[in-house]
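Chemist: Sequence isn't available, so here's the structure alone:
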């Protein structure tokens, strides 16, 4: 069986957990995915089965779309709600126009320094491996593209937004950087990937559906690559 399966990854599972599940549940020998999602994140995980695994690089390079919520007034060592939180003790009085001006600074072609809790390698070591040992590093800023950054809800201390971005964009780092612009710190408190390339969450299958599926049902859910 070959093809692309769009899975709606639940919170708490790693992308590799979903790969392992597919191997065990359906006996697939070749299974991969096109773009990792953090355990805290939910949404579109593009699964590649059989011969479709050869398209991993090209599909991973496609733009992504997310719906996210950031919380102001605290900082996290991981950049998200699952890290160690340290309240900043202050929350500025921000008007919508103030928030929009800051968001505008992060739209277009920008440079982003990857977070320490990431799988990027420096000197052969993944950054998160160094971070877990209490070691620091100075990863180089990378060019990314924020095609769209739209505020969808303001309910302080939370700001929700939709972002369309290039491969390699860390939304939690985006929240951290915006929080520093506000001067009060911020962290990512919710993240759902709604699209990866042409693969949309509306076409996805949940893990509960997968657990009850047989090979015939699965075949009907596959897209050909």
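Modeler: Arrived safely. Keep in mind that this is a model prediction, so the values were computed, not measured.
Chemist: Is residue 28 in contact with residue 48, as I believe?
Modeler: No. Using CB atoms under 8 Å, residue 28 is not in contact with residue 48; the gap is 10.2 Å. For every residue, glycine as well, the C-beta is placed using N, CA and C.
Chemist: which of these two has more neighbours?
Modeler: A side-by-side neighbour count of residue 28 and residue 48, using other CB atoms under 10 Å, places residue 48 first with 24 against 18.
Chemist: Find me the pLDDT at the closest residue to the more buried one other than its chain neighbours, would you?
Modeler: Take residue 48 and drop its neighbours on the chain: the residue closest to it by CB to CB, 6 or more residues apart in numbering is residue 32, 4.6 Å away. Listed pLDDT for residue 32 reads 93.
Chemist: Kindly confirm my reading that residue 32 is in a strand.
Modeler: Yes. Applying DSSP: H, G, I helix; E, B strand; the rest coil, one finds residue 32 inside a strand.
Chemist: tally of neighbours for it?
Modeler: Residue 32, neighbours per other CB under 10 Å, totals 19.
Chemist: do you know how far it is from residue 23?
Modeler: Residue 32 sits 10 Å away from residue 23, going by CB to CB, to the nearest Å.
Chemist: Next: residue 91.
Modeler: 47 Å.
Chemist: of the two, who's got more company?
Modeler: The residue with more neighbours, out of residue 91 and residue 23, is residue 91; 16 against 13, by other CB under 10 Å.
Chemist: quick one, phi/psi of the closest residue to that one other than its chain neighbours?
Modeler: Using CB to CB, 6+ apart and skipping residues adjacent in sequence, the residue nearest residue 91 is residue 73, 4.5 Å away. The phi and psi values for residue 73, taken as degrees, to the nearest 10, are phi 100, psi 10.
Chemist: Tell me, how many residues neighbour residue 73?
Modeler: 20.
Chemist: Report the central residue of the protein.
Modeler: residue 37 (4.8 Å; CA atoms, centre = their mean).
Chemist: Now for it: which residues touch it?
Modeler: 9, 15, 43-45, 193 (CB atoms under 8 Å, 6 or more residues apart in numbering).
Chemist: Counting only helices, which of these make the cut?
Modeler: residue 15 (DSSP state H).
Chemist: what's the lowest-pLDDT member of the contacts of residue 37?
Modeler: Out of the contacts of residue 37, that is residue 15, at 93.
Chemist: where in the protein is pLDDT low?
Modeler: 116-139, 225 (pLDDT under 70).
Chemist: Using the record's domain definitions, break it down for me.
Modeler: Using automatic domain parsing, the domains assigned to the chain come out as 3-61+197-221, 64-196.
Chemist: all helices for the chain, in order.
Modeler: Using DSSP H, helices in the chain cover 15-26, 56-60, 96-104, 127-132, 171-182, 207-211, 215-221.
Chemist: And for the longest strand seen in the chain, what's in contact with it?
Modeler: Ranked by residue count under DSSP state E, the longest strand found in the chain is strand 142-155. Strand 142-155 is contacted by residues 63, 67, 69, 96, 99-100, 103-104, 106-114, 159-166, 168-169, 174 when judged by CB under 8 Å, 6+ apart.
Chemist: for residue 91, what are its contacts?
Modeler: 72-73, 156-157, 184.
Chemist: Buried ones among these?
Modeler: With neighbours counted by 16 or more other CB atoms under 10 Å, those contain buried members at 72-73, 184.
Chemist: so which of those residues comes closest to residue 53?
Modeler: Among the buried ones among the contacts of residue 91, residue 72 lies closest to residue 53 (CB to CB), at 41.0 Å.
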